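Peer 1: quick one: sequence plus predicted model below, questions after.
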Amino acid sequence: MTGKSRFTPFLKQCFVTAAVGSNIIGHGCVIGYPAILLPQLSRPDTEIVLSKSVASWIAAVLGITQLIGSFITPPIMERYGRRIAHLAVTLPVLIGWFITIMATGYEGLLIGRILQGLSIGMLSPLRSVLIGEYASPKNRGAFLTTVSLTQAFGILFVHLLGSLISWQQTALVCVFFSFVSLVMTIYSPESPSWLAARSRYDECREVFHWLRGDEEDDELEEMIHARMMFEKARLTQKIGRKPNKVKQAMITAQKREFYKPIILMIHAYVMVQFAGGTTMAAYSTTIITLIMGPNVNPHFWMIFLDTQRFISNSVAVFIIQKMKRRTVMFLTGGLCVISQLLIAAYVYCRDNNLLPYDAVWIPALLINLQFFTVATGMLPLPNVIGGEVFPLEYRSIGGSISLATMSASFFAVLKTFPSLIDAVGIVGTYSIYAGLLTYCLTVISILLPETKGKTLQQIEDEFRGRPLAPKEIEEKMVFQSCPVLTYKRKMSARRCSTPLLH
């Protein structure tokens, strides 16, 4: 095929990102669904009666199935590719919504939530990897920020819709987002990084040029060369002697480029759960009533805060694109800790009649400050960083290990929140969360390098803590200067630079 594509590389990157984003919107609907399901099922005329303990399981069971799902995807994405894995992710959530629609008892709702949580867990290690591998370094930060933006829109959408129609009708509408994602994924290409990892270099160049155009060939050849060197080293090891898998695993675990990103992302994902966005999505009316008082309209403020969160997530796309990752992380993280402590102090003083002046705008301002910090930095940045810091050969297993911690903490936060409120109140709960946030931010400050504007290979080298060894540099120079290889590489790039779609 010859001729120019009607679509620019930027628009093509938008398309493949939107395929992932549509699925995340559906998952945002899943996360926010308990906030409209549980209040409707607490009415006297409801057909399904839930106890307080059962209701907490409906909200929190996602954490367990997310944990399971996060270990299902890596073997699929490594063996069959990112695209096939994304198609597989969509099926459980579609089935889960239809089971929820037809549910006549607690069992049906729980099964639906289990399948939906499985889908969320399956997408978690894939979404940032997929977007990170599709997008160019100059757009990667903005595109990865859409992970939290689309999730925030899903939460806003389901809360708004559920305030107007029944929970069954809400579930029926929410199916639409996952179905659209399924169709868009069918028409998306495979990730060039995965093609390089499978030594399918011609296809890698073809997809890379389709996604990026002809202006980023340096990154393409850097990625292919690094993979060739990795395969050469592995082949040499196999020829030399039979590898000891236990010894290899121990050696791998001691590599800085393996364990440092995992420790970093474990703390980043745990931080997300205690920042307040997770509990507010599932228990928004309860939290609003406890902080703002029983006289406010919790449903109005739920929609208002969801809208503010969506707007802040939209602003975060530009903030993260322009500012350094570390600056945004610690600025928003520090403000989030301060906002939680101020909320705890306000509620304590109000309940003990220590306030010289009180008005509803005070807690409203504090909650909005907390939501602003969550939406602009605390929630989007871990998704951005998670798509950048893992080396190619450890990207799946590293992502799964760190995301397992996120799933476990997601379950722990949602399952223990009602009991924690009963035990220590909103004052104690927010004080504990602020302490955990401070700890996570301290660890992140030690491990997080600046990743803005860097290629994935450069970030990997920075975690490794050393430049290329002299032998590796010599091999690279030989590879680049070899006339036969250079000629073949140029001819392959020319043949494969034609777009997949016109």
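Peer 2: Right, received. Where do you want to start?

Peer 1: going forward, measure contacts and count neighbours with C-alpha atoms only.
Peer 2: OK.

Peer 1: grab the nearest non-local neighbour of Met280.
Peer 2: Counting by C-alpha to C-alpha, 6 or more residues apart in numbering, Met280 lies nearest to Ile287, which is 6.8 Å off, once chain neighbours are set aside.

Peer 1: measure Gln273 to Glu190 for me?
Peer 2: Separation of Gln273 from Glu190 (C-alpha to C-alpha, to the nearest Å): 32 Å.

Peer 1: so where does the residue nearest to Met280 fall, helix or strand?
Peer 2: Using DSSP states H and E, Ile287 falls within helix 277-292.

Peer 1: which elements pack onto that helix?
Peer 2: helix 9-32, helix 34-41, helix 298-322, helix 361-373, helix 395-447 (3 or more C-alpha pairs under 8 Å, 6 or more residues apart in numbering; DSSP states H and E).

Peer 1: right, and those - which one's nearest Leu195?
Peer 2: Comparison of the helices and strands packed on helix 277-292 against Leu195 by C-alpha to C-alpha identifies helix 395-447 as nearest, at 14.2 Å.

Peer 1: could you point out which element follows that closest one?
Peer 2: Proceeding N to C from helix 395-447, the next assigned helix or strand is helix 456-464, under DSSP H and E.

Peer 1: tell me the buried residues in that following helix?
Peer 2: Across helix 456-464, burial judged by 16 or more other C-alpha atoms under 10 Å covers Leu456, Gln457, Gln458, Ile459, Glu460, Glu462, Phe463, Arg464.

Peer 1: what is the neighbour count of Phe372?
Peer 2: 24 (other C-alpha atoms under 10 Å).

Peer 1: give me the most central residue, the protein.
Peer 2: Asn383 (4.2 Å; C-alpha atoms, centre = their mean).

Peer 1: over to that one: give its phi and psi.
Peer 2: The phi/psi pair for Asn383 (degrees, to the nearest 10) reads phi -70, psi -40.

Peer 1: the residue nearest to Met280 and Gly425, how far apart?
Peer 2: Look at Ile287 and Gly425: by C-alpha to C-alpha, they are 11 Å apart.

Peer 1: kindly report the same for Ile101.
Peer 2: 35 Å.

Peer 1: one more: Val61?
Peer 2: Val61 is 23 Å from Gly425, by C-alpha to C-alpha.

Peer 1: contacts for stretch 330-342?
Peer 2: Residues outside stretch 330-342 that contact it (C-alpha atoms under 8 Å, 6 or more residues apart in numbering) are 275, 366-367, 369-370, 373-374, 376-378, 430-431, 433-435, 437-438, 441, 445.

Peer 1: what's Asp214 sitting at in phi/psi?
Peer 2: Main-chain torsions, Asp214, degrees, to the nearest 10: phi -110, psi 10.

Peer 1: going forward, begin numbering at 14 instead of 1
Peer 2: Taking 14 as the first residue, the last one we looked at is Asp227.

Peer 1: state the number of residues packed around it.
Peer 2: For Asp227, the neighbour count with other C-alpha under 10 Å is 15.

Peer 1: how about the one 5 residues further on?
Peer 2: Residues lying near Glu232 (other C-alpha under 10 Å) number 17.

Peer 1: just checking, what packs against the strand or helix carrying it?
Peer 2: Element membership for Glu232, per DSSP H and E: helix 230-253. Other helices and strands packing on helix 230-253, by 3+ C-alpha pairs under 8 Å, 6+ apart, are helix 205-210, helix 214-225.

Peer 1: what is the mean pLDDT for the shortest one?
Peer 2: Averaged across helix 205-210, pLDDT comes to 85.

Peer 1: picking that back up, closest to Glu234 out of the helices and strands packed on helix 230-253?
Peer 2: Among these, helix 214-225 comes nearest to Glu234, with 8.9 Å by C-alpha to C-alpha.

Peer 1: export the helices and strands packed on helix 230-253 to CSV and append columns for distance to Ser83.
Peer 2: As requested, the helices and strands packed on helix 230-253 are exported to CSV (distance: least, C-alpha to C-alpha, whole Å):
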stretch, distance to Ser83
helix 205-210, 19
helix 214-225, 26
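
Peer 1: hmm, Ala417 is touching Gly82, no?
Peer 2: No. Using C-alpha atoms under 8 Å, Ala417 is not in contact with Gly82; the gap is 9.1 Å.
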